[in-house]
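S.K.: prediction below, plus the sequence it came from.
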Amino acid sequence: MAGLKFEIAGTDKLSKARAGKIQTDHGQILTPVFMPVGTAGTVKAVSQQQLKEDVQAQIILGNTYHLYLRPGLEVLQAAGGLHRFNGWDRPILTDSGGYQVFSLSGTRKITEQGVLFQSHIDGSRHLFSPEKVIDIQRVIGADIIMAFDECPPYPSDYQYARSSMLLTHRWLDRCFLQMDQSTPLYGYDQHLFPIVQGSTYADLRRESCQYVSSRQAAGHAIGGLSVGEPDDLLYEMCALCCENLPADRPRYLMGVGTPVNLLECISLGVDMFDCVMPTRNGRNAMLFTSKGIINIDNKKWEKDFTPIDDGIDSEPSHFYSKAYLRHLVKSREILGLTIASVHNLAFYLHLMTQARAHILEGDFESWKNDQVKILQTRL
């Protein structure tokens, strides 16, 4: 078992951006990387073959909360884990369910033991403790698994943010203990990433970075951002965390964000990203392209027979026209959802590949500044 290794291949001259390589037992991941979100074992409307060939995804996400409820642990273990269940033979990361529990604010109760919540499927009641979340992720079998945390809302008052962070730290200790007392089920290594919390308070973020760094984990996640705070606060907290987390471990910013957010946070030193935005927005007619943002629902595209985006190395992006995709969307044809989702994901991954190349060239910051102007343009 090769385990998880992280190497930095190059850094930018004018920013904190770095290009790296993560090695897992299911293959390598070149960073910076965007990870498509496959919440329930699938990236919505996109096949695994499309993820490999058109999107060129290196790693995808699953979610502990959703997979635990459906199809359930018995099915996943009988299948031999999520890799065998969904046919994805590259790395997988699982979110511990902390964010999903956060979003169930009306039907959950947080205690020292864990979180008692009601299923959104049938209303049944369940308890997620740090130990149980580790055990569930053992059954799912992801290469990178997340510690159980509490994600405080924005805004949070200082006292709540601090008590929430300390609870997350105590839960982290229990997660590591459960990792030590259990073993992988399918013959390959799993690696636990702690999550930095602290809301938008600089001293709490520093304290949390110090605490999670002391655990000598294989990598670290920055949580509790992109929950409603303005971009300037997102970048401020992200920069602070990157400055206070070990440089020799990958840094994963959870749930972020727009293409501009990604480039700005790469500049601050982030290596890994995930977000539902490319697929969710694609299903709602918003396309991210190399020339700017398109609302494909608009009448202006009705007779535009040029490719969706011929600058992206994805068959749907340069094979189908804007007019045809608009027709599919207006007709509510399922193929339209797939084309838009594949294109947006392919664009995100293309952006990461370009970012890596410019980091290695040493001119990332100037390229990023030019790209930000383009990516904010509405066509």
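M.R.: Perfect, I can see it now. Numbers count the residues shown, from 1 in each chain.
S.K.: neighbours around Leu245, how many?
M.R.: 24 (other CB atoms under 10 Å). Any C-beta I mention is one placed from the backbone N, CA and C, and that applies to glycine too.
S.K.: before we move on, what about Asp297?
M.R.: For Asp297, using other CB under 10 Å, the count is 12.
S.K.: separation between it and Pro259?
M.R.: 20 Å (CB to CB, to the nearest Å).
S.K.: what does Arg170 give?
M.R.: 37 Å.
S.K.: cool, and Thr353?
M.R.: 13 Å.
S.K.: neighbour count winner among these two?
M.R.: With neighbours defined as other CB under 10 Å, Thr353 and Pro259 compare such that Pro259 has more, 23 against 16.
S.K.: nearest spatial neighbour of the more buried one, skipping sequence neighbours?
M.R.: Leu375 (4.8 Å; CB to CB, 6 or more residues apart in numbering).
S.K.: so what's the backbone phi/psi at that neighbour?
M.R.: phi -70, psi -20 (degrees, to the nearest 10).
S.K.: was I right about it contacting Val260?
M.R.: Yes - at 5.2 Å, Leu375 counts as touching Val260 under the criterion of CB atoms under 8 Å.
S.K.: more neighbours: these two, which one.
M.R.: Leu375 (22 against 16).
S.K.: residue contacts, the more buried one?
M.R.: Counting by CB atoms under 8 Å, 6 or more residues apart in numbering, Leu375 makes contact with Thr258, Pro259, Val260, Leu263, Phe288, Gly292, Ile293.
S.K.: the fifth one is in contact with Ala346, isn't it?
M.R.: Read that as Phe288. No - applying CB under 8 Å as the test, Phe288 and Ala346 come out as separate, 9.8 Å apart.
S.K.: which one's more surrounded, the two?
M.R.: Ala346 (28 against 24).
S.K.: now the more buried one: how far from Met352?
M.R.: On the measure of CB to CB, Ala346 and Met352 end up 11 Å apart.
S.K.: quick check, central residue of this protein?
M.R.: With distances taken as CA atoms, centre = their mean, Asp274 lies nearest the centre of the chain, 1.9 Å away.
S.K.: so what's that residue closest to, chain neighbours aside?
M.R.: Spatial nearest neighbour of Asp274, excluding adjacent residues (CB to CB, 6+ apart): Met35 at 4.3 Å.
S.K.: now do the SS call for Ile145.
M.R.: strand (DSSP: H, G, I helix; E, B strand; the rest coil).
S.K.: tell me where the model's unsure across the stretch 51-200 of the chain.
M.R.: Within the stretch 51-200 of the chain, the stretches with pLDDT under 70 are 102.
S.K.: so where do the strands sit in it?
M.R.: For the stretch 51-200 of the chain, the strands defined by DSSP state E, counting those that start in this stretch occupy 60-63, 92-95, 108-110, 115-118, 125-128, 144-146, 191-193, 195-196.
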